[in-house]
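Asker: everything below, folded, please.
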Amino acid sequence: MTRVDFYILPDDDEARRQAYLCRLVDKAYRLGHRVWVHVPDAGRAAALDERMWTFRQDSFLPHERLAEGDADPACAVILSEGTEPDAGREMLVNEHAEVPAFFSRFQRVAEVVNRDPESRRQGRERYAFYRDRGYELHHHEVDPDGR
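Answerer: As a prediction, the model looks like this:
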């Protein structure tokens, strides 16, 4: 059964939320996992795409945007604006306000929520969705340093 992790950030800083999301994807990538990042629109995909190239000074996070054409299935990290995932991916990072219908194909789902009132409301709705269906839920309070 899919494990769902909620990462709760200590403030409402969107840049910090994106940076934490990149750290989370980077960690999964370095552990050898194939990650699917589900984004709601082209604007969010573009912002996250840029952030993944620059979030660390000493390296970048190799990834591809599916909306820019056919993504290489061998690429470990795919940013998708609503396309169904390919097979063999272990982790879904949900950037969308709603839970995607395909979430249960993954071993793990990560939801990153900050203290913005709308983000919290949507996060609570997604939490209830997973809980009501009996999924294994984990809650992580992220400290101000992003750990």
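
Asker: quick one: contacts for the nearest residue to Asp11 once chain neighbours are set aside?
Answerer: Using Cβ to Cβ, 6 or more residues apart in numbering and skipping the chain neighbours, the partner closest in space to Asp11 is Arg115 (5.4 Å). C-betas here are computed from N, CA, C, even on glycine. Arg115 makes contact with 8-12, according to Cβ atoms under 8 Å, 6 or more residues apart in numbering.

Asker: gap between Arg115 and Glu90?
Answerer: 29 Å (Cβ to Cβ, to the nearest Å).

Asker: checking my notes, the residue nearest to Asp11 in a strand, right?
Answerer: No. Counting by DSSP: H, G, I helix; E, B strand; the rest coil, Arg115 is not part of a strand but coil.

Asker: helices - which of the contacts of Arg115 land there?
Answerer: Judged by DSSP state H, the contacts of Arg115 include no members of helices.

Asker: look at the residue nearest in space to the middle of the chain and tell me its secondary structure.
Answerer: Taking Cα atoms, centre = their mean, the centroid of the chain lies closest to Val93, which sits 2.4 Å from it. Put simply, Val93 is strand when judged by three-state DSSP.

Asker: what about the residue nearest to Asp11, distance to Met91?
Answerer: 24 Å.

Asker: tell me the residue in the protein that is farthest from the middle.
Answerer: Most remote from the centre of the chain, using Cα atoms, centre = their mean: Asp58, at 22.0 Å.
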